[in-house]
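Peer 1: pasting a predicted model and its sequence here:
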Amino acid sequence: MYRDGAENGGAAGPGGDAGRAVPGGHRQAAAIAALGLLGLALAGGLAIAITEFPRGLLVVAFVVVGAPLAWHGVVRRGAARWLSLTIAVLLLAAALGLIVVIGPLLGELAVIAALVFALAAARHAFTVKVALPEAPAPQKAVVFWNPKSGGGKATKANLEDEARKRGIEPIQLKLGDDLTELVRNAVAAGADAVAAAGGDGTQAIIAAAAAAHGLPYACIPAGTRNHFALDLGVDRDDVVGALDAFVHGGERRIDLAEVNGRVFVNNVSLGLYAEAVQQKGYREAKLRTILDAVPDALGPDGKAPALRWTGPDGQEHSSGAAILVSNNAYRLGAVSSGTRPRLDGGVLGITVFADSSGQKRSRVPWTQWTSAAFEVRSDSGIPAGIDGEAVVLDAPLRFASSPGALAVRIARQHPGASPSAVLPTSPWKAFRAVAGLAAGRNPAP
């Protein structure tokens, strides 16, 4: 039955496709601006630290003590939670007060502004636009649209009329509709391309149907967050323009993934988040529901989900607060975290958070690897969030990648690339790449 699942994951960039970067002069100018602004920020920060000692030292001390206390409060319940959170808030507020209240505020704001603009300039230097292969325009395209998704985004964009102007038939979704059946009926009536205007749950169902029927597919960003659109390189602020994918769009092939035969475009979450989305009231109070679920998995009396899987070391594991299996790997960390640089790698991204199974401790609280297939075992049904939709699946869960299963059309005016498609994987590598761009070199991503 039709459900517009909450957007929850990200999707991919150009991967192995040839990309066309922002013109060289623009990239070099952006890189030079980024380095100049970063230099100004560092010089300003050093000047403030020297002239206002020991205030800077106190700010650091308050943050260093307050941050761990905040985490201590998150993973506990009752009085321990509120005491830790209260102290943490007081310490962090004191740090903020030292920055804001005790002059000179103007200098610190200038440093912050320089850093923000430096990051913006650096991101522009790594902006790419993919030169997608030509694709013939379909003769009878159909767009399935949800009028309630994203707070009525498609309705506000007048999507129904805009689709008709482009020769695309709009089909409005209603509660209780079987999307797979709707696509089947559209194909029987002669549809030769399908698009989805809704959340990522809707995108997954329509994409799976398109792949099954061998039809080109287009993602229309009419959901709330539109993670799939973001990493496909569809402009999330251009709902109407995305329809042009079926007018003069280019085409690329991307992977789909499945768990026990059910297709997903973003990810499947198990453990902490999956338990939270099962709870009553999750959609009305997501943050509070997830927060309440944390002690069950990470607190001193917490109990990790009874899940078993084989790790990259070939050994069986049974610990961890959460498991995320994605259609290609997410980038985690400081640089463009939460996006997938590509969707055509032919692999699953597997991430286990808070794995305490006795393996060598990593610098980060997760273990991440890729594989073409993955299995999770349990003695009972397993709660899961599939592209944001809460379900309970029978064990074992068998995950698999379907390389190149879906032909995606993207409008020519949209990037066609993930924000992390050519971004380096660490701040240091990013700095070196920006320096190279500023010097006139075009470093490989």
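Peer 2: Everything's here; your move.

Peer 1: so how far does stretch 374-386 reach from one end to the other?
Peer 2: 15 Å (Cα to Cα, to the nearest Å).

Peer 1: if I look at the residue lying farthest from the centre of the chain, how far off is residue 42?
Peer 2: No residue in the chain sits farther from the centre than residue 51, which is 41.4 Å out by Cα atoms, centre = their mean. The gap separating residue 51 from residue 42 is 15 Å, by Cβ to Cβ, to the nearest Å. For the C-beta atoms, the positions are set from N, CA and C on the backbone; glycine is no exception.

Peer 1: ditto for residue 430
Peer 2: Residue 430 sits 16 Å away from residue 42, going by Cβ to Cβ.

Peer 1: who has more neighbours out of these two?
Peer 2: Each of residue 430 and residue 42 has its neighbours counted (other Cβ atoms under 10 Å); residue 430 has more, 21 against 14.

Peer 1: so the more buried one sits against residue 424, correct?
Peer 2: Yes. Residue 430 is within contact range of residue 424, at 4.4 Å (criterion: Cβ atoms under 8 Å).

Peer 1: helix or strand for the nearest residue to residue 410 once chain neighbours are set aside, which one?
Peer 2: Using Cβ to Cβ, 6 or more residues apart in numbering and skipping residues adjacent in sequence, the residue nearest residue 410 is residue 416, 4.7 Å away. In the assignment (DSSP states H and E), residue 416 maps to no helix and no strand.

Peer 1: okay, residue 416 and residue 322: tell me how far apart.
Peer 2: Distance, residue 416 to residue 322, by Cβ to Cβ: 32 Å.

Peer 1: ok, these two, which is more surrounded?
Peer 2: Using other Cβ under 10 Å, the more surrounded residue of residue 416 and residue 322 is residue 416, with 28 against 24.

Peer 1: check which residues of stretch 26-33 are buried.
Peer 2: Buried residues in stretch 26-33, counting neighbours by 16 or more other Cβ atoms under 10 Å, are found at 27-33.

Peer 1: and which of the residues you listed is nearest residue 370?
Peer 2: residue 27 (29.5 Å; Cβ to Cβ).

Peer 1: pull the contacting residues for residue 34.
Peer 2: 118-119, 121-122, 125, 434, 438 (Cβ atoms under 8 Å, 6 or more residues apart in numbering).

Peer 1: phi, psi for the residue nearest to residue 235 when sequence neighbours are not counted please.
Peer 2: Spatial nearest neighbour of residue 235, excluding adjacent residues (Cβ to Cβ, 6+ apart): residue 414 at 4.7 Å. Backbone torsions of residue 414, given as degrees, to the nearest 10, read phi -100, psi 160.

Peer 1: right, and residue 414 touches residue 242 too?
Peer 2: Yes. Using Cβ under 8 Å, residue 414 is in contact with residue 242, at 7.0 Å.

Peer 1: more neighbours: which of those two?
Peer 2: Neighbour totals were compared for residue 414 and residue 242, and residue 242 leads with 30 against 24 (other Cβ under 10 Å).

Peer 1: residues near residue 237, how many?
Peer 2: For residue 237, using other Cβ under 10 Å, the count is 8.

Peer 1: hmm, I typed the wrong one, I wanted residue 63.
Peer 2: Neighbours of residue 63 (other Cβ under 10 Å): 14.

Peer 1: next one: residue 134
Peer 2: 8.

Peer 1: quick one: contacts for it?
Peer 2: 250-251.

Peer 1: partners of it in the sheet?
Peer 2: Beta-bridge pairing for residue 134 (DSSP bridges): residue 250.

Peer 1: what about it, distance to residue 248?
Peer 2: From residue 134 to residue 248 the distance is 9 Å (Cβ to Cβ).

Peer 1: same question, residue 404
Peer 2: 23 Å.

Peer 1: what pLDDT does the residue nearest to residue 235 get?
Peer 2: Reported pLDDT at residue 414 in the predicted model: 94.

Peer 1: residues in contact with it?
Peer 2: Residue 414 touches 233-235, 238, 241-242, counting by Cβ under 8 Å, 6+ apart.

Peer 1: state the pair within these that is farthest apart.
Peer 2: Maximum distance among those (Cβ to Cβ): 12.6 Å, for 233 and 241.

Peer 1: of those two, who's got more company?
Peer 2: The neighbour count for residue 233 versus residue 241, taken as other Cβ under 10 Å, is higher for residue 233 (28 against 18).

Peer 1: how about the contacts made by that one?
Peer 2: Per Cβ under 8 Å, 6+ apart, neighbours of residue 233: 13-14, 130, 410, 414-418, 421.

Peer 1: hmm, which of these are the buried ones?
Peer 2: Here, 16+ other Cβ under 10 Å leaves 13-14, 130, 410, 414-418, 421 buried among the contacts of residue 233.

Peer 1: could you find the lowest-pLDDT member of the residues you listed?
Peer 2: Among these, residue 13 has the lowest pLDDT, at 39.

Peer 1: let's see which of the buried residues of stretch 26-33 end up in helices.
Peer 2: Counting by DSSP state H, the part of the buried residues of stretch 26-33 found in helices is 27-33.

Peer 1: and those residues as TSV, adding distance to residue 153?
Peer 2: Below are these laid out as TSV (distance: Cβ to Cβ, whole Å):
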residue	distance to residue 153
27	32
28	37
29	34
30	31
31	35
32	38
33	34
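
Peer 1: wait, which of these is closest to residue 149?
Peer 2: Using Cβ to Cβ, these come closest to residue 149 at residue 30, 34.6 Å.

Peer 1: surely that closest one and residue 124 touch.
Peer 2: Yes. Using Cβ under 8 Å, residue 30 is in contact with residue 124, at 4.3 Å.

Peer 1: helices of the stretch 201-350 of the chain, start to end?
Peer 2: 227-232, 239-242, 245-248, 272-278, 286-298 (DSSP state H, counting those that start in this stretch).

Peer 1: what average pLDDT does the third one get?
Peer 2: Spelled out, it's helix 245-248. On average, helix 245-248 scores 95.

Peer 1: go on, the fourth one?
Peer 2: Helix 272-278 shows a mean pLDDT of 57.

Peer 1: again, but for the longest one
Peer 2: Model confidence over helix 286-298, given as mean pLDDT, is 46.

Peer 1: how close does the nearest residue to residue 27 once chain neighbours are set aside get to residue 35?
Peer 2: Counting by Cβ to Cβ, 6+ apart, the nearest residue to residue 27 once its immediate chain neighbours are dropped is residue 125, at 5.0 Å. Distance, residue 125 to residue 35, by Cβ to Cβ: 10 Å.

Peer 1: neighbour-wise, which of those two wins?
Peer 2: Taking other Cβ under 10 Å, residue 125 and residue 35 do not tie; residue 125 has more neighbours (26 against 20).
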